[in-house]
Structures are given as structure tokens and as C-alpha cells.
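Visitor: What shape does this take:
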Amino acid sequence: MVIRDFRPEDAEPLEDLLIAVGELAHPEVDGREAMLRVHACSAAVFLVAEEDGKPVGLVRGVYDGSRALIHLLAVHPDCQGRGIGTALVREIARRFKVQGAPTLGVTAAERAVGFWERLMFWPSARYMVAFDIEMLIGEEAR
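Guide: Numbering: from 1, shown residues only. The predicted structure follows:
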């Protein structure tokens, strides 16, 4: 297995991977076009685990100069339980540390809490999201 930076040609197979693990509820946030936007963002770290030339996992997050946060981790169902997710988390943590991050947080689904706890993460404040940013901004923005 090789862990490397995301490349634009990874977008389609990684979208298929997210569908396979049930993590593509919001394509505007995690789909192909979103992946390309993340790739272009200087604050983002977007890594891919590859086996035999095929993407089998991904992790992405950001470091804003103060806090590092993992937004998404996924490993293809056929490849889970082999340490790929752990390797992806360790590599993104290493990269954030090089950039100066003193801590690392994660937005984790309830079903994944055990995985994150095994890596020494612990629950903290509740994460909330506004998926309809237009409603949040209100009428004055229109």
C-alpha cells in the first residue's frame, strides 16, 4: 500500500468508494467536484491510499494555522480491517505536525467512534453543520 497526495483522476474512483461505504449523502460536499475544490485549497491535506494502482482509501482535512481537523476518512469495504484507515490517519497527522499543528480533531460518525477511540481520540463538543448555507445567510444575501 502507498499513501500519496490526491490527484484529479482519483475523483471518480473515490466517489465510487464513498458510495460503497455509504458516505456520499451530500455530493456537493464530498463528491467529485468537491474533491477537486478541496484539492485546490491550500489549507487542505487530501491523501489517498492506493493498492495495485487503485485507490482504496482516503482522508482529508484542514489546518488553519491553529487547529487541524480531519473531515473525512473512508476505506473501501473490501479493504477494511487491514490498518489502511490507521495508516491514513497517522500520515495526515504527521503532515499537520510538520505544518505546526499542536492538536488534531475529527468529525466522526457515531458508528466510527470506536475506531477513533482506539487511536486515542475522545469525544468532545458536538459538531453541528448547516447544509443549506443560503438559509443560514438569510434574505439579505439574496
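Visitor: So, low pLDDT: which residues of the protein?
Guide: Applying pLDDT under 70 to the predicted model, the residue ranges of the chain that meet it are 125-131, 139-142.
Visitor: And the strands in this protein, which stretches?
Guide: Remark: strands of the chain, listed N- to C-terminal, are 2-5, 44-51, 54-63, 68-75, 104-106; assignment by DSSP state E.
Visitor: can you give me the helices in this protein?
Guide: Assignment of helices within the chain using DSSP state H yields the ranges 11-20, 27-30, 32-40, 84-99, 113-118, 133-137.
Visitor: which stretch among those comes nearest Ala49?
Guide: Taking CB to CB as the criterion, helix 84-99 is the member of the helices of the chain that comes nearest to Ala49, at 5.0 Å. Heads up, the C-betas are built off the backbone N, CA and C, glycines and all.
Visitor: can you list the residues that contact the closest one?
Guide: Residues external to helix 84-99 that are found in contact with it (CB atoms under 8 Å, 6 or more residues apart in numbering): 1, 3, 45, 47, 49, 56-61, 63, 68, 70, 73, 75, 104, 115, 119.
Visitor: just how off-centre is it within its chain?
Guide: The chain centre lies 11 Å from the centre of helix 84-99; the measure is CA atoms, centre = their mean, to the nearest Å.
Visitor: I'd like to check the angle between it and strand 44-51, please.
Guide: For helix 84-99 against strand 44-51, the angle between stretch directions is 140 degrees (axes from the mean of the first three to the mean of the last three CA atoms, to 10 degrees).
Visitor: begin at 29 from here
Guide: From this message on, residue numbering opens at 29, which makes the last subject helix 112-127.
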